[in-house]
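Participant: My questions concern the predicted model and sequence given below.
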There are 2 protein chains.
Amino acid sequence: MTLDHPIMQGPVCPMPKIHTEKVVMGHGSGGRMSQELIRDIFQSQFNYKPLMVGNDFGFVNLPEAANLSGHLSISTDMHMVTPLFFPGGDIGKLAICGTVNDVAMSGGKPLYLTAGFILEEGFRMDILSRVVASMKAAAEESGIQIVAGDTKVAERGSADKLFINTSGIAWVPDHLQIGGQYAKPGDKVIVSGTLGDHGIAVLGARGDLGFEADIKSDIAPLNHMIQEILEVAPNIHVFRDPTRGGLGTTLNEIAVQSQTSIWINENELPVNPVVQAACEMLGFDPLYIANEGKLVTICPAEEADAALEAMQNNQYGKNAVIIGDVRESDPGRVLLRTLIGGTRLVDSLLGEILPRIC
Amino acid sequence: MTLDHPIMQGPVCPMPKIHTEKVVMGHGSGGRMSQELIRDIFQSQFNYKPLMVGNDFGFVNLPEAANLSGHLSISTDMHMVTPLFFPGGDIGKLAICGTVNDVAMSGGKPLYLTAGFILEEGFRMDILSRVVASMKAAAEESGIQIVAGDTKVAERGSADKLFINTSGIAWVPDHLQIGGQYAKPGDKVIVSGTLGDHGIAVLGARGDLGFEADIKSDIAPLNHMIQEILEVAPNIHVFRDPTRGGLGTTLNEIAVQSQTSIWINENELPVNPVVQAACEMLGFDPLYIANEGKLVTICPAEEADAALEAMQNNQYGKNAVIIGDVRESDPGRVLLRTLIGGTRLVDSLLGEILPRIC
């Protein structure tokens, strides 16, 4: 039995599209409006074939499946930032680079990423499209593939415009042993560039500095730089990106994990003069300001020069510098040799130093 | 050189803990308050060893690494629900089961899951602990391992108490070919139990029904049932869980994906009498109400009885029933044979049918 009605003969979904300029609750219903949002905004950019099939899961292969001797590194990150767009980036670029970097810090190659969205009712579709285009560009640069997504709509006033979750997977060959727990006495500590650019750029975009600061966020995918470092310095012990909490907190985490002490030299710390000036005016320490395109490398002393050179040869590591070393004494501590020759303890950030910026 | 100060000799973090009864902005700083939140609330429940190491990524192995002939199924889901606790479940159970089920619908075995949290400033810690305990219980039942997490804090009023993202991975042996695109003319359509329990239970908990309805959400992890079905019916074409948008929308998606039509019989549709009564009073159709512990199985006719029996033998499939079949005519359509002998088109849900319930 077939229904004798012309609508039955046509292709799928012959009904007119439901155009809206803003997100409405129906976009989160799971019904046709949801499907149109996914197709028009997300699939048009993230054109991963298995995702287009329309199942609730995406299929992926492991590239080294034929010769498997490794494991997966997995990470997840919830992203919120005000404003959504700021000099040097936006929430979309942040969402991709943040998770690409987290999984890449294992030394592995980022492969696949999922993206989940919470949209506030009334959010403008054209702004959403700009964010998604930015995500696409960052994903392409890093080489990661977006393989699954989800969107929910929150009633007006119950979410702040847009929250994005990204979760990622990297493939890590078994011969690498990289992590905060592997820092060893005698290792050198290298940072890939100036500290605090992201945090100060976002504060500036919010108008919270009280003056104009010509500073851009450093947001960038660092996975290619990591592979370039590993080519010339294969015995790296730690990669870590000093995001929330800044370099001071990140080094404390590593000191605790590895039960070593980390000694850094204040006169080696790279800080953009504009960031330095902003910090001095506001009473902040660049050691605790967030970065989104910097990494710390901790490696055996004999590989430090090669690692440094590889970093300096990459566009995101031009200002890389060796800032200190790892010692056995005082396990779990970070010590700073100050400009005037003293030594002070660098603690972890306790709570909030700044309004939410990453 | 070492610092001659007793605090340097002690174990890590000798400072007193910063107890708070409510979430404050500092818990999202990435500093010590964040670390304490992670340790006290999350790590105390999700005691996955690689997660305890303290890196920004979790390492996982593929269990079939020695004999690799398969691929990964990946999914992500943003969870929000009001109220956070309702008869039969809560947002934590929802977050685990939702993603376990999405990746399990590939026929694969769920392995690993990430959890991301957005907490509203002021959210009560004891309630967060209850949600996390519920996540732990659901993860244990399903056998999935939580391997990575992230928490951000949103200023009061800029998020609705608690949002949770979960992203999951399942391992799918290559011989399975399961997905909405594989439904074939002649296949039987089986649903694992009563429709709409979750949606009506949540509406009831919100006081939106206007009367007392003795109905519990059906939230459950369905991965074990899926494996039991595959043991006796290895040629399953489709598994799908009819969540947002309900069974009507889910069957439409499958009809479109597979370019078949799906014919279902109104007199076979299992609906709890309480749900039926609530729907009749409110003018809803149970075909569009969300489920969180039900699945649709589409399989070759010769395997339908075996699949049905396997479902009925599982605690979550006792009320499983064959509700229809797949045909070649009218591709992309879902048709309902009504109680009075007519035939009507079952469309996808367009936009919102209900206040947000899943």
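Facilitator: Sure, I can see it.

Participant: Nearest residue to residue A:173 in space, please, no chain neighbours.
Facilitator: Leaving aside its chain neighbours, residue A:173 sits nearest to residue A:70 (4.5 Å; criterion: C-beta to C-beta, 6 or more residues apart in numbering or on different chains). C-beta coordinates here come from the backbone N, C-alpha and C atoms, glycine included.

Participant: Burial check on residue A:175, number of neighbours?
Facilitator: Residues near residue A:175, counting by other C-beta atoms under 10 Å in any protein chain shown, number 9.

Participant: Next one: the residue nearest the centre of chain A, what pLDDT does it get?
Facilitator: Central residue of chain A (C-alpha atoms, centre = their mean): residue A:98, 0.9 Å from the mean position. Looking at residue A:98, its pLDDT is 96.

Participant: what does residue A:211 give?
Facilitator: So, for residue A:211, pLDDT stands at 75.

Participant: can you count the residues close to it?
Facilitator: 9.

Participant: check contacts around the nearest residue to residue A:197 once chain neighbours are set aside.
Facilitator: Closest residue in space to residue A:197, ignoring its immediate chain neighbours: residue A:218 at 4.3 Å, by C-beta to C-beta, 6+ apart. Shown in contact with residue A:218 (C-beta atoms under 8 Å, 6 or more residues apart in numbering or on different chains): A:88, A:193-194, A:197-198, A:291-294, A:316.

Participant: Let me know the closest of those to chain B.
Facilitator: residue A:291 (11.2 Å; C-beta to the nearest C-beta).

Participant: Give me the secondary structure label for that closest one.
Facilitator: coil (DSSP: H, G, I helix; E, B strand; the rest coil).

Participant: What about it? Give its phi and psi, please.
Facilitator: phi -120, psi 150 (degrees, to the nearest 10).

Participant: What residues does it make contact with?
Facilitator: Counted by C-beta under 8 Å, 6+ apart, residue A:291 has contacts A:195-199, A:218, A:241-243, A:246-247.

Participant: now residue A:137
Facilitator: Counted by C-beta under 8 Å, 6+ apart, residue A:137 has contacts residue A:93.

Participant: average model confidence for the helix or strand that it is a member of?
Facilitator: For residue A:137, the host element (DSSP states H and E) is helix A:125-142. Averaged across helix A:125-142, pLDDT comes to 95.

Participant: next one: it to chain centre, how far?
Facilitator: 14 Å (C-alpha atoms, centre = their mean, to the nearest Å).

Participant: Now do the buried residues in it.
Facilitator: For helix A:125-142, a neighbour-count test (16 or more other C-beta atoms under 10 Å in any protein chain shown) marks A:125, A:127-128, A:131-132, A:134-136, A:138-139, A:141-142 as buried.

Participant: could you dump these to JSON lines with distance to residue B:182?
Facilitator: Formatted as JSON lines, the buried residues of helix A:125-142 follow (distance: C-beta to C-beta, whole Å):
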{"residue": "A:125", "distance to residue B:182": "33"}
{"residue": "A:127", "distance to residue B:182": "38"}
{"residue": "A:128", "distance to residue B:182": "32"}
{"residue": "A:131", "distance to residue B:182": "34"}
{"residue": "A:132", "distance to residue B:182": "30"}
{"residue": "A:134", "distance to residue B:182": "35"}
{"residue": "A:135", "distance to residue B:182": "30"}
{"residue": "A:136", "distance to residue B:182": "29"}
{"residue": "A:138", "distance to residue B:182": "34"}
{"residue": "A:139", "distance to residue B:182": "29"}
{"residue": "A:141", "distance to residue B:182": "35"}
{"residue": "A:142", "distance to residue B:182": "33"}
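
Participant: Following the chain past the helix or strand of chain A with the lowest mean pLDDT, name the next helix or strand.
Facilitator: Every helix and strand in chain A was compared by mean pLDDT, DSSP states H and E; the lowest is helix A:49-52, with a mean of 65. Heading C-terminal from helix A:49-52, the first helix or strand you meet, by DSSP H and E, is strand A:58-60.

Participant: which outside residues touch that following strand?
Facilitator: In contact with strand A:58-60 (C-beta under 8 Å, 6+ apart) are residues A:48, A:50-51, A:111-112, A:114, A:145, A:147-148, B:71-75, B:106, B:172.

Participant: how close does residue A:308 get to chain B?
Facilitator: Distance check for residue A:308 against chain B: by C-beta to the nearest C-beta, to the nearest Å, it reads 23 Å.

Participant: Over to residue A:32?
Facilitator: Taken as C-beta to the nearest C-beta, the span from residue A:32 to chain B is 5 Å.

Participant: Verify the contact between that residue and residue B:256 for me.
Facilitator: No - contact between residue A:32 and residue B:256 fails when scored by C-beta atoms under 8 Å: they sit 10.8 Å apart.

Participant: Residue A:244 contacts residue B:34, correct?
Facilitator: Yes - counting by C-beta under 8 Å, residue A:244 touches residue B:34, with 7.4 Å between them.

Participant: Among the buried residues of helix A:125-142, which one lies nearest to chain B?
Facilitator: Nearest to chain B among the buried residues of helix A:125-142, with distances taken as C-beta to the nearest C-beta, is residue A:135, at 13.7 Å.

Participant: and the contacts of residue A:218 as CSV, adding distance to residue B:84?
Facilitator: Below are the contacts of residue A:218 laid out as CSV (distance: C-beta to C-beta, whole Å):
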residue, distance to residue B:84
A:88, 37
A:193, 43
A:194, 43
A:197, 38
A:198, 33
A:291, 35
A:292, 32
A:293, 36
A:294, 37
A:316, 41
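
Participant: now, which of those residues lie within helices?
Facilitator: Taking DSSP state H as the definition of helices, the contacts of residue A:218 contribute A:197-198.

Participant: which ones are touching residue A:337?
Facilitator: With C-beta under 8 Å, 6+ apart, residue A:337 has these contacts: A:263-267, A:343.

Participant: Swap in 7 Å and give it another go.
Facilitator: A:263, A:265-266, A:343 (C-beta atoms under 7 Å, 6 or more residues apart in numbering or on different chains).
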